[in-house]
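Asks: Quick check, what structure comes out for this input:
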Amino acid sequence: MKTQNVTISALSGGSFSAYLAAPNTQPDAGIVLIQEILGVNTNMRQIADDYAKSE
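Replies: As a prediction, the model looks like this:
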């Protein structure tokens, strides 16, 4: 599994940060977790990691 923080460009010209957890297997699948008001926290990172580890 590969994890990293990424920056996504917004249509309005701004940007925001996101957390990416990618599985090692192919084909990749994707899910989007909507962040809580305070941003991506440890719990959300763990959920993303758990999905990326699932086979």
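
Asks: which residues of this protein score low on pLDDT?
Replies: 28, 55 (pLDDT under 70).

Asks: one more time with 90
Replies: Within the chain, the segments meeting pLDDT under 90 span 1-2, 16-19, 21-41, 43-45, 47-48, 51-55.

Asks: Do you have the helices of it handy? List them.
Replies: 42-53 (DSSP state H).

Asks: For the protein, which segments count as strands?
Replies: Per DSSP state E, the chain carries strands over the ranges 2-9, 15-22.

Asks: In a markdown table: these, plus mean neighbour count.
Replies: Yep, even glycine has a C-beta here, placed from its N, CA and C like the rest. As requested, the strands of the chain are exported to a markdown table (neighbours: other C-beta atoms under 10 Å):
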| stretch | mean neighbour count |
| --- | --- |
| strand 2-9 | 10 |
| strand 15-22 | 14 |
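
Asks: With distance to residue 41 as extra columns, can I get these in TSV?
Replies: Output for the strands of the chain, formatted as TSV (distance: least, C-beta to C-beta, whole Å):
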stretch	distance to residue 41
strand 2-9	13
strand 15-22	10
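
Asks: Nearest to residue 38, out of the ones you listed?
Replies: Evaluated with C-beta to C-beta, those place strand 15-22 nearest to residue 38, the distance being 12.8 Å.

Asks: Give me the neighbour count for residue 41.
Replies: If you count neighbours by other C-beta atoms under 10 Å, residue 41 ends up with 11.

Asks: And the one 3 residues further on, by the same measure?
Replies: Using other C-beta under 10 Å, the number of residues around residue 44 comes to 15.

Asks: OK, contacts around it?
Replies: Applying C-beta atoms under 8 Å, 6 or more residues apart in numbering, we find residue 44 in contact with 19, 33, 35-36.

Asks: gap between it and residue 18?
Replies: The gap separating residue 44 from residue 18 is 10 Å, by C-beta to C-beta, to the nearest Å.

Asks: what's near enough to touch residue 2?
Replies: Residue 2 neighbours (C-beta under 8 Å, 6+ apart): 20-22, 24.

Asks: Let's have the residues you listed in JSON lines, adding distance to residue 12.
Replies: As requested, those are exported to JSON lines (distance: C-beta to C-beta, whole Å):
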{"residue": "20", "distance to residue 12": "22"}
{"residue": "21", "distance to residue 12": "26"}
{"residue": "22", "distance to residue 12": "27"}
{"residue": "24", "distance to residue 12": "35"}
